[in-house]
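**Q** Model the structure of this input:
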Amino acid sequence: MNYNILRYIITVAEEGNFTRAAKKLYISQPSLSQIIKNEEKKLGILLFDRSNNPITLTDAGHEYVRWARQIVSIHENMERHLQDFSTNEASVLRIGILPECSAFILPAPLKAFRETNPKRYVQIHELSSNDLQDSLENSDLDFIVGLTHPNTFTYCSEPLYDEKIVLAVTPDFSPDNETVGEVDLADFADAPFVMMEEGQFLYNVTHDLCKRSGFVPRTVVECYNLETALHMVKAGVGIAIIPDLMSRLVGGLNYYNIKGLTPQSQISVVYRRDRHLTREAKELIELIKNNIEK
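**A** Numbers count the residues shown, from 1 in each chain. Below you'll find the model as predicted:
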């Protein structure tokens, strides 16, 4: 059975569209369609119901893809196992990370990793929490640095630190007693807020906390990158609710705990249990863990 054909059919099933799948696979759409038609003819079955939009798998297609994923996983694991014995230094290590964690967590470990692996190539994918989980599920990444995964059967999560939510403000918006460690969010009901984009974890957290305090945040700027948002706060544009981790990156601001229960989350290195971690991946994970412990 042709390995590439298995990948092609899995990708079409995931995308629900031949054009998007072809683009992702770097082949032409007509070629992809013909390859899958030939496979269906050879097997004497239809894998896809093309009358739907997006296209869907037939019952036979579901069974095909279930087995195809297992075969592809075994093939990729074999390659990763053999990579540990290879002298070929052109391999790529793909890691995913939350944008707000990247600048704090990665520089020192990557510097140390480069010293022992000068010819290795590392790709960093800064993605939202949902996109990280999807990429990990699709085996696009070797490991991620993100929220601890609730599925402990399929995924292994190695905890790095517990993340707490705090309020970041300039002295202009600070309470009269700037040394107070905790503030009531209701006191900031009239303040302008620098928000993360809708759909991001912090967007939902900010709205939930403000709603609990009896108001809707007055958004003046919306950002995707958390470090950008913090520099907006530093410039006096508004205030922001952020993970306490970021307080180590941007000085010149006052950071306060928020009264009442605030969401806490655990940041971990997460990887699939059924996906072999190469020697380089294990080495970088250890460097990341050691850096957090310092």
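**Q** helix or strand right after the lowest-mean-pLDDT helix or strand in the chain?
**A** Within the chain, no helix or strand scores below helix 99-105, which has a mean of 80 by mean pLDDT, DSSP states H and E. Sequence order places helix 107-116 as the next helix or strand after helix 99-105, per DSSP states H and E.
**Q** how far is the least confident helix or strand of the chain from where the chain is centred?
**A** Centroid displacement of helix 99-105 relative to its chain, using CA atoms, centre = their mean, to the nearest Å, is 12 Å.
**Q** who touches that helix?
**A** For helix 99-105, contacts defined as CB atoms under 8 Å, 6 or more residues apart in numbering pick out 97, 124, 126-127, 145-146, 160, 224-227, 242-243, 245-246, 248-249, 267, 288, 291-292. Backbone N, C-alpha and C define where each C-beta goes, glycine included.
**Q** Can you mark which positions in it are buried?
**A** For helix 99-105, the neighbour count (16 or more other CB atoms under 10 Å) marks 99-105 as buried.
**Q** Next: stretch 279-286.
**A** Neighbour-count burial for stretch 279-286 [16+ other CB under 10 Å]: 280-281, 283-285.
**Q** Show the average pLDDT along that stretch.
**A** For stretch 279-286, mean pLDDT rounds to 92.
**Q** Need the three-state assignment for Leu141.
**A** Using DSSP: H, G, I helix; E, B strand; the rest coil, the structure places Leu141 in coil.
**Q** what does Ala168 give?
**A** Reduced to three states with three-state DSSP, the structure at Ala168 is strand.
**Q** now the helices: where do they sit in the stretch 101-250 of the chain?
**A** Applying DSSP state H, counting those that start in this stretch to the stretch 101-250 of the chain gives helices spanning 107-116, 129-137, 201-212, 226-234.
**Q** Of all the ones you listed, which one is nearest Asp274?
**A** In terms of CB to CB, the element of these nearest to Asp274 is helix 129-137, at 11.4 Å.
**Q** picking up where we left off before, now the buried members of the contacts of helix 99-105.
**A** Listed as buried from these are 97, 126-127, 145-146, 160, 226-227, 242-243, 245-246, 267, 288, 291-292; burial here means 16+ other CB under 10 Å.
**Q** Which of those residues fall within strands?
**A** Among the buried ones among the contacts of helix 99-105, the subset assigned to strands under DSSP state E consists of 97, 126, 145-146, 160, 242-243, 267.
**Q** Sort out which one of the residues you listed lies nearest Ile71 for me.
**A** Among these, Gly146 lies closest to Ile71 (CB to CB), at 28.3 Å.
**Q** how many other residues sit next to the spatially closest residue to that closest one that is not a sequence neighbour?
**A** Excluding the flanking residues, the one nearest Gly146 by CB to CB, 6 or more residues apart in numbering is Leu132, at 4.6 Å. Leu132 is flanked by 23 other residues according to other CB atoms under 10 Å.
**Q** how close does Leu132 sit to Glu63?
**A** Going from Leu132 to Glu63 by CB to CB, to the nearest Å gives 29 Å.
**Q** swap in Tyr271?
**A** Distance, Tyr271 to Glu63, using CB to CB: 28 Å.
**Q** These two: who's more crowded?
**A** For Tyr271 versus Glu63, the count of surrounding residues by other CB under 10 Å is larger for Tyr271: 23 against 13.
**Q** low pLDDT regions in the stretch 51-200 of the chain?
**A** 84, 86-90, 178 (pLDDT under 70).
**Q** Show the contacting residues for the nearest residue to Leu6 once chain neighbours are set aside.
**A** Spatial nearest neighbour of Leu6, chain neighbours left out: Ala68 (4.2 Å); criterion: CB to CB, 6+ apart. Residues near Ala68 by CB under 8 Å, 6+ apart: 6, 9-10.
**Q** buried residues in stretch 109-129?
**A** Applying 16+ other CB under 10 Å to stretch 109-129 flags 109-110, 112-113, 117, 120, 122, 126-128 as buried.
**Q** Check the secondary structure at Ser265 for me.
**A** Per three-state DSSP, Ser265 ends up strand.
**Q** Now do the contacts for the most centrally placed residue in the chain.
**A** Among the residues of the chain, the one closest to the centroid is Leu132, at 2.5 Å (CA atoms, centre = their mean). For Leu132, the contacting residues are 96-98, 125, 141, 144, 146, by CB under 8 Å, 6+ apart.
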